[in-house]
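Participant: Provided below are the primary sequence and the corresponding predicted coordinates.
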Amino acid sequence: MFHVITGLIALYVIWRFVWPLHWPAAGRMLLAVLVLLSAEHHLITRNFFGTMASPEVPAAVLMALGAAFGAVILLALFLFIRDAAGLALSVFSRSRGRALLACPRLRTGLACAAMALSVLGVWQAVRVPEVKTIEVALPHLPRAYDGFRIVHLTDLHASRLLQADWMRAVVARANALEPDLTLITGDLVDGTPAARAADVQPLADLRATHGVVAIPGNHEYYAEYLGWLQAFEKLGLRMLLNAHMTLERDGQPLVLAGITDSMAARVGQPLPDIDAAMKGVPPASAVILLSHRPVGAERHAQAGAGLQLSGHTHGGQILGPHLLTQLANEGYVSGMYQVGGMQLYVSNGAGLWPGFPIRLGRPSEITQIVLRAAPPA
């Protein structure tokens with residue numbers, strides 16, 4: 001379905017941008033082929049250079065392909081807006097509507113803007129994320145945890161695009177916050193444990209007083225999931241798979257619960273099970289739930305979670321089209337939401353899938369969460 005959609009987008013760009021150009025037929029044909037190849041480059045990398053999730057080509061090539069693909073997507077969006085505006089204007093003035101649709105300067109300007117924004121978007125996507133700090137008043141949180149500092153990492157997506165040097169920089173920035181606890185909510189990797197061994201090794205250097213706890217995301221299931229679980233444990237990551245653990249500070253408890261991802265069905269592994277994760281948790285406990293996807297938040301709130309940390313959406317990656325990502329994730333895409341008696345925080349993530357390395361208006365982040373004991377009711 002993905003390739004069908006991108007193919008249709010390419011055909012729309014060819015129809016509304018390439019073919020109207022006053023170029024020789026051979027030039028337009030060549031540009032049309034380039035547009036189609038840019039839109040469908042995933043088919044080539046999937047079949048000859050790794051997989052759809054993990055194209056094994058140099059980072060510079062991935063950035064160039066990402067910029068070309070992003071330019072096609074953005075140009076299609078701009079052309080659609082122009083066409084819609086032209087048709088709407090035609091209702092009042094047919095001549096002005098036609099002039100808008102046929103304006104060569106506007107067409108050229110839209111193409112230049114799409115390419116410039118796409119290049120900017122690639123740069124935004126691959127840079128080391130900034131730290132975003134929020135405070136969260138967690139229900140039932142013991143006073144001993146007031147001021148407790150958590151680093152939340154998600155969607156690291158170690159790959160040929162985001163390699164060991166980038167990961168080391170993220171780890172250094174996270175450690176500089178001197179957290180009490182570091183939590184990772186999935187999509188750490190793209191590729192096999194053998195291919196990504198060097199790129200994930202910096203995660204072993206993560207430091208926090210109460211350790212590093214993680215859950216899988218959907219991308220962990222795309223390549224040797226069980227091998228990744230072993231690799232993460234060797235890196236010092238405590239994996240919570242439909243389970244919970246209890247921290248103690250000054251004799252007071254804080255519960256961490258984690259669930260798997262629905263992509264587990266692909267490899268015959270346990271599906272997300274909030275009941276199993278919360279089994280045995282005392283009533284009125286302060287509970288932080290790790291769930292890669294924000295979906296299911298209402299059920300998680302009913303199960304007793306006070307704060308859910310998620311990623312998966314990448315914030316939608318592009319401001320405006322991010323609304324489509326929001327619709328696909330039960331209305332959750334970025335930032336804090338109140339879901340019943342639970343707070344849900346959806347991080348924009350630190351990295352992203354190398355097949356679409358674009359961020360515009362939805363910046364990456366390393367999240368520092370400062371817990372506050374909620375005032376008595």
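Facilitator: That came through fine. Residues are numbered from 1 along each chain as shown.

Participant: so Ile33 lies in a helix, does it not?
Facilitator: For residue 33 the amino acid is Val, not Ile. Yes - assigned with DSSP: H, G, I helix; E, B strand; the rest coil, Val33 falls within a helix.

Participant: and it, what pLDDT?
Facilitator: We note a pLDDT of 95 for Val33 in this prediction.

Participant: burial of it, as a residue count?
Facilitator: The number of residues packed near Val33 is 12, by other Cβ atoms under 10 Å. To be clear about C-beta, it is placed using only N, CA and C from the backbone, and glycine gets the same treatment.

Participant: distance of it from Tyr345?
Facilitator: Val33 sits at a distance of 45 Å from Tyr345 (criterion: Cβ to Cβ, to the nearest Å).

Participant: and Ser332, how far from Ser291?
Facilitator: You called it Ser, but residue 332 is Tyr. Tyr332 sits at a distance of 11 Å from Ser291 (criterion: Cβ to Cβ).

Participant: which residues do those two both contact?
Facilitator: Here Tyr332 and Ser291 have 297, 310 as joint contacts, going by Cβ atoms under 8 Å, 6 or more residues apart in numbering.

Participant: may I have stretch 349-362 as CSV, with CA atoms only?
Facilitator: Presented in CSV, the C-alpha positions along stretch 349-362 are these (Å, rounded to 0.1, in the frame of the first residue of the first chain):
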residue,chain,number,x,y,z
GLY,A,349,11.5,11.2,19.5
ALA,A,350,15.2,11.6,19.1
GLY,A,351,15.6,10.0,15.6
LEU,A,352,13.4,8.6,12.9
TRP,A,353,13.2,6.0,10.2
PRO,A,354,15.9,6.5,7.5
GLY,A,355,13.3,6.0,4.7
PHE,A,356,11.8,9.5,5.4
PRO,A,357,14.4,11.6,7.2
ILE,A,358,12.5,14.9,7.2
ARG,A,359,11.5,17.2,10.1
LEU,A,360,9.8,20.5,9.6
GLY,A,361,8.3,22.3,12.6
ARG,A,362,8.3,19.1,14.6
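
Participant: okay, buried residues for that stretch please.
Facilitator: Within stretch 349-362, the residues that count as buried by 16 or more other Cβ atoms under 10 Å are 349-360, 362.

Participant: what's the local residue count around the nearest residue to Gly211 once chain neighbours are set aside?
Facilitator: With Cβ to Cβ, 6 or more residues apart in numbering as the measure, Arg238 is the residue that lies nearest to Gly211, at 6.0 Å, once sequence neighbours are left out. Using other Cβ under 10 Å, Arg238 has 16 neighbouring residues.
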